[in-house]
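[1] got a predicted model here, sequence first, then my questions.
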Amino acid sequence: MKFFRAALFLVCVFAATGVFAQSSAELKRRRDKLTDELEQLNREYQETASNKKVSLKQLNILKAQINLREEKITNINSEVRNLDNQISESNNTVRSLQSQLDQLKKEYAGMVLFAYRNQSAYNKLMFIFASKDFNQAYRRLKYLQQFGTYRERQAGYIQGTQKDLHVKIVELDKNKKEKSDLLQSQEKEKEELGKAKNNQVKVITDLSKHQGELKQQQKDVRKRIAAANREIQNTIRREIEELRRKAEAEERERARIAAAKAKAENREVVAPTKKAITKNSTTSEILNSTPEAAKLSNDFLGNRGRLPWPVATGQLIHGFGSYKEDGISIDNTGYEIRTNNGAPVRAVFDGTVKTIVDLGGSYLVIIIHGEYFTSYQNLRTVNVTKGQKVSTKQTIGTAALDQLSGDATIIFSINKGRDSVDPKMWLAPN
């Protein structure tokens, strides 16, 4: 029974360790991916730095590097916490195994002493013949047979426990070494992060010599973004009004038909079971007024935190929210993502293309997913048409080159009804 409980404990410990290992493997894959992206950015930065003229492209690369290094440091912190948990579990297991081994050895020593005292055939026969009756003699005979088997089994348990103890000690030493390496890597990343931030300050200082020109260019870019945001809001408003009018018209027609039928049958009109859309209906009620839209909304919500990125490869330049850049206030309603020139831009979920707008050299595409809308700004080309149904990861266009920065960037945003939401809560880790 004691051995059964010990075995059950070990199974639970090893199962828990498996969960940690899986999580650690995912974190390591993410760290390796971030390292590859940082190396690519370093190569690009060296190419731009060789040009004597400081450019916004250098600044954007530095911003992307800073974002990736901060994410890598956070990732390393998670790995260290995982290793701390594994080290704690291993320490507990080692103590438990050592305690079990000591107990097994103590019990085995007692058995060896008993066997030594009763090792002669005469003593064994006397033990049997001293029985009160035949049944007791039979039980004593079986006991002597089982005692030998049990002693062999106990010796096996001791060997197995010693082996498990050795494995856990080796694993513990490995985890401690890995933690030490991670902490060294973290310090290196912090040092590189500091250098990138210093470079950023230097680049901004150099760019400030052309501050007037650059600010005007940035303002022009922000005007285009603001125009795109207005178009997004106008598209959503028009969709809500169109669905409201359609639902109200359908409700009036259903009421007319029901009244005519009731009159013909000489009975009272039965009140509708479905809630009618009125001017007081909420945005959510209007956008989910059909079963298809309601299902799509529910499916979109069910994939929160798992939606694919709108580009297969990209680095975040600016996140969601308000901030200041070179004295210019910016209200970012989505993600500004740096990618490769001409990179395919893809839908993040099933839906219908609602609007395609030419913003003077680049395109804006808006897709509806029930009560949710996704928007894709700064597309060089568009592969879809208005009203077309699209599927998850379907290419809808290609990323355009930003003439100001020399980078290919897109702006991706998500709206629930009229409200902008942070894509961070919806997109899967990149």
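    Okay, I see it. Since the structure is predicted, the reported quantities are computational estimates derived from the model, not experimental observations. Numbering: from 1, shown residues only.

[2] with adjacent residues omitted, what lies nearest to E178?
    Distance criterion Cβ to Cβ, 6 or more residues apart in numbering; nearest residue to E178, sequence neighbours excluded, is L83 at 6.1 Å. All C-beta spots, glycine's among them, are computed from the backbone N, C-alpha and C.

[3] assign the one you found to helix, strand or coil.
    The local conformation at L83, judged by DSSP: H, G, I helix; E, B strand; the rest coil, is helix.

[4] ok, which stretches of the stretch 201-350 of the chain are strands?
    315-318, 321-325, 328-332, 335-339, 344-346 (DSSP state E, counting those that start in this stretch).

[5] out of these, which gets nearest to N303?
    strand 344-346 (14.7 Å; Cβ to Cβ).

[6] now the stretch 201-350 of the chain, which segments are flagged as low pLDDT?
    Along the stretch 201-350 of the chain, the model assigns pLDDT under 70 to residues 204, 206-221, 269-275, 323-330.

[7] domains in the protein, as residue ranges please.
    Domain segmentation of the chain under automatic domain parsing yields 2-210, 304-425.

[8] which stretch in those domains has the least confidence?
    Note on the domains of the chain: domain 2-210 shows the lowest mean pLDDT, a mean of 68.

[9] wait, a strand at P429?
    No. Assigned with three-state DSSP, P429 falls outside any strand and is coil.

[10] ok, it - how many residues close by?
    12 (other Cβ atoms under 10 Å).

[11] next one: E89
    19.

[12] what's the answer for N175, then?
    Neighbours of N175 (other Cβ under 10 Å): 21.

[13] I figured it hits S88, correct?
    No. Counting by Cβ atoms under 8 Å, N175 sits too far from S88 to count as a contact (10.0 Å).

[14] and L364, which of the strands of the stretch 201-350 of the chain is closest to it?
    Closest among the strands of the stretch 201-350 of the chain, using Cβ to Cβ: strand 344-346, at 11.3 Å.

[15] so what are the sheet partners of that closest one and their directions?
    Paired neighbours of strand 344-346 in the sheet (DSSP bridges): strand 395-399 (antiparallel).

[16] quick one: the helices in the stretch 151-300 of the chain, in order.
    Under the criterion DSSP state H, counting those that start in this stretch, helices of the stretch 151-300 of the chain are mapped to 211-264, 283-287, 291-302.

[17] which residue packs closest to I66, ignoring adjacent ones?
    Closest to I66 by Cβ to Cβ, 6+ apart is A196, at 5.1 Å.

[18] do you know how far V357 is from T395?
    19 Å (Cβ to Cβ, to the nearest Å).

[19] next one: L359
    L359 is 20 Å from T395, by Cβ to Cβ.

[20] same thing with S180?
    Counting by Cβ to Cβ - S180 and T395 are separated by 45 Å.

[21] who's more crowded, the two?
    Using other Cβ under 10 Å as the criterion, S180 and T395 rank with T395 on top: 14 against 11.

[22] wait, the residue nearest to E178 touches L182, no?
    Yes. Between L83 and L182 there is a contact at 7.1 Å, judged by Cβ under 8 Å.

[23] pull the number of nearby residues for N77.
    13.

[24] by contact count, what packs against the strand or helix carrying it?
    Taking DSSP states H and E as the definition, one finds N77 inside helix 56-117. Here helix 56-117 touches helix 2-49, helix 134-207, strand 315-318, going by 3 or more Cβ pairs under 8 Å, 6 or more residues apart in numbering; DSSP states H and E.

[25] T352 versus the closest residue to K190 other than its chain neighbours, what's the distance?
    In this structure, K190 finds its nearest non-sequential neighbour in I73, 6.5 Å apart by Cβ to Cβ, 6+ apart. Remark: distance between I73 and T352 (Cβ to Cβ) = 41 Å.

[26] L34 now?
    Going from L34 to T352 by Cβ to Cβ gives 35 Å.

[27] between those two, point out the one with more neighbours.
    A count of neighbours by other Cβ under 10 Å puts L34 above the other of L34 and T352, at 21 against 17.

[28] so who does that one touch?
    Applying Cβ atoms under 8 Å, 6 or more residues apart in numbering to L34 gives the contacts L68, E71, K72, N75.

[29] apply 10 Å and report the result again.
    By Cβ atoms under 10 Å, 6 or more residues apart in numbering, L34 lies in contact with L68, R69, E71, K72, I73, T74, N75, I76, E189, Q315, N430.
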